[in-house]
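Peer 1: just a sequence and a predicted model for now, questions to come.
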Amino acid sequence: MYKVMALDIGTKRIGIALSDYLLMLSNGHSYINREPENEAIQKIYAIAKENNVQKIVIGLPLNMDNSEGFQAKNCKDFASKLNGYEIIFEDERLTSDTAEENLRNKKIDFRKDKGLIDIESACIILEQYLSRK
């Protein structure tokens, strides 16, 4: 049995979510700073190893016309450095807006800690992936 990890890769932070072993639920885990990149990658490896992760779902911020812009290419470049895991890209358009709305509905004040949005976005990315499985 294994878990699936989801990453919401931004320019400043990376939100992390993990599935349960039944691959049905998405749980927010944490967020880490994107820089220095080597440290971020090592932290992702450590979380993946600790949680028996075999697949990593990465949010791909496509443009509304389905084209890949700068940030999508940036995510793919980061993903190329995560060796040893099956990498799956998941369309993440509008997840930040949905994440903010979810947090507001839960009465969670994210204005002082934007990392909470990144974690919630990673959960949404993972939920989208798991719902297709």
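Peer 2: Looks like it came in fine.
Peer 1: quick one: buried residues of the helix or strand hosting Ile125?
Peer 2: In this assignment (DSSP states H and E), Ile125 forms part of helix 115-132. Within helix 115-132, the residues that qualify as buried are 115-130, counting by 16 or more other Cβ atoms under 10 Å. (C-beta placed from N, C-alpha, C; glycine too.)
Peer 1: before we move on, what about stretch 19-31?
Peer 2: Across stretch 19-31, burial judged by 16+ other Cβ under 10 Å covers Ser19, Leu23, Ser26, Gly28, His29, Tyr31.
Peer 1: and the residues you listed, which two are furthest apart?
Peer 2: Greatest spatial distance in those: Leu23 and Tyr31, 22.3 Å, computed using Cβ to Cβ.
Peer 1: all strands for this protein, in order.
Peer 2: 3-9, 13-19, 26-33, 53-60, 86-91 (DSSP state E).
Peer 1: CSV for these, including mean pLDDT and distance to Glu68?
Peer 2: Output for the strands of the chain, formatted as CSV (pLDDT from 0 to 100; distance: least, Cβ to Cβ, whole Å):
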stretch, mean pLDDT, distance to Glu68
strand 3-9, 97, 14
strand 13-19, 97, 19
strand 26-33, 97, 24
strand 53-60, 97, 8
strand 86-91, 96, 10
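Peer 1: okay, the ones you listed in a markdown table with distance to Lys107 next?
Peer 2: Below are the strands of the chain laid out as a markdown table (distance: least, Cβ to Cβ, whole Å):
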| stretch | distance to Lys107 |
| --- | --- |
| strand 3-9 | 22 |
| strand 13-19 | 20 |
| strand 26-33 | 16 |
| strand 53-60 | 25 |
| strand 86-91 | 28 |
